[in-house]
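1. Turn this into a structure:
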Amino acid sequence: MRGGLSYMGGNMTTADNSVSLLRRLAIIFYDFLLLTAVLLLATALVQAWLQEMTLLKLLLFRVYLVLVCFTYFAWQWLRGGQTLPMRTWHVRLQHIDPQKSVTLQQTIIRFSVAILSWAALGLGFLWALFDEQQRTWHDRASKTRLIYDTTLLY
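-> Have a look, this model is predicted:
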């Protein structure tokens, strides 16, 4: 693997503060648990409307759930660059130019390409194993990157 893995305080990181695939997967699992709870609440809010399911309602419901998922991530990425799991694992999303903030357009691209990464059987995530900076497809497409932020240590 490129980037030279090292252990800093028992945490697997790379010399340039890139985030390892293992840390990304831990964050994904934790986000999955939180997002499941958010989706259950979002479904409960529209359950009465879903009593008589039609094809149009099913389509609108699926779009609604995707928008809820996008909002979960985008709102947090735009307000500090971290979801709760990212904060727990001391990881932050940043623009590839650290002087710039992550934009809404970048979050849309990141979210969309991450879905494609999963649809391609995770190849977009596995790409990080071969990328010099350990960036995934959605990192590259959105011109963002995840960094291990030592200033976030408690």
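2. and the longest helix seen in the chain, what does it pack onto?
-> For the chain, the longest helix by residue count, based on DSSP state H, is helix 21-46. If contacts are counted by 3 or more CB pairs under 8 Å, 6 or more residues apart in numbering; DSSP states H and E, helix 21-46 sits against strand 11-14, helix 55-78, helix 84-88, helix 123-126. C-beta coordinates here come from the backbone N, C-alpha and C atoms, glycine included.
3. Any chance of TSV for the ones you listed, columns mean neighbour count?
-> Output for the helices and strands packed on helix 21-46, formatted as TSV (neighbours: other CB atoms under 10 Å):
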stretch	mean neighbour count
strand 11-14	18
helix 55-78	14
helix 84-88	17
helix 123-126	17
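4. Any idea which of these gets closest to residue 29?
-> For residue 29, the closest of those is helix 84-88, at 8.0 Å, according to CB to CB.
5. list the buried ones in the host helix or strand of residue 94?
-> Using DSSP states H and E, the element containing residue 94 is strand 91-95. Of all the residues in strand 91-95, those buried under the rule 16 or more other CB atoms under 10 Å are 91, 92, 93, 94, 95.
6. This completes my enquiry, with thanks.
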